[in-house]
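Colleague: The sequence and its predicted three-dimensional model are supplied below.
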Amino acid sequence: MTKKGKGEDPLKALALVGALGIDVAICTLIGYWLGARFGGTPGWIIAGVLTGLAAGIVSVVFIVRKVLEDSNE
């Protein structure tokens with residue numbers, strides 16, 4: 001039986017992919033809520049959603065960068 005190296009656990013990879021999706025979804029929903037709460041017009045809601053989506057993507061980039069950095073050690 002061979003031992004798996006660090007970073008080769010399929011359950012960890014599945015959990016990471018799920019966490020990334022949830023992260024983007026939560027950031028987008030927060031952006032929607034902020035746009036609806038403080039602006040109320042469709043323009044503000046769209047701006048809030050796009051800002052939340054951008055924040056979620058930036059957050060995902062940082063998470064993936066951290067995971068890849070840890071796997072190289």
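Modeller: Sure, I can see it. Residues are numbered from 1 along each chain as shown.
Colleague: just checking, what packs against the strand or helix carrying G43?
Modeller: For G43, the element it lies in under DSSP states H and E is helix 42-71. In terms of contacts (3 or more C-beta pairs under 8 Å, 6 or more residues apart in numbering; DSSP states H and E), helix 42-71 is packed against helix 10-38. For glycine as for every other residue, the C-beta is placed from the backbone atoms N, C-alpha and C.
Colleague: what's the angle from the helix it packs on to helix 42-71?
Modeller: 150 degrees (axes from the mean of the first three to the mean of the last three C-alpha atoms, to 10 degrees).
Colleague: pLDDT (mean, whole number) over helix 10-38?
Modeller: For helix 10-38, the mean pLDDT works out to 92.
Colleague: Of all the residues in it, which ones are buried?
Modeller: L20, D23, V24, C27, T28, I30, G31, Y32, L34, G35 (16 or more other C-beta atoms under 10 Å).
Colleague: Check stretch 48-63 too.
Modeller: G48, V49, T51, G52, L53, A55, G56, V60.
Colleague: Greatest separation within the buried residues of helix 10-38: which pair is it?
Modeller: L20 and G35 (22.9 Å; C-beta to C-beta).
Colleague: that older thread, could the buried residues of stretch 48-63 go into TSV alongside pLDDT and distance to T41?
Modeller: Output for the buried residues of stretch 48-63, formatted as TSV (pLDDT from 0 to 100; distance: C-beta to C-beta, whole Å):
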residue	pLDDT	distance to T41
G48	94	11
V49	95	13
T51	96	15
G52	96	17
L53	96	19
A55	96	21
G56	95	23
V60	93	29
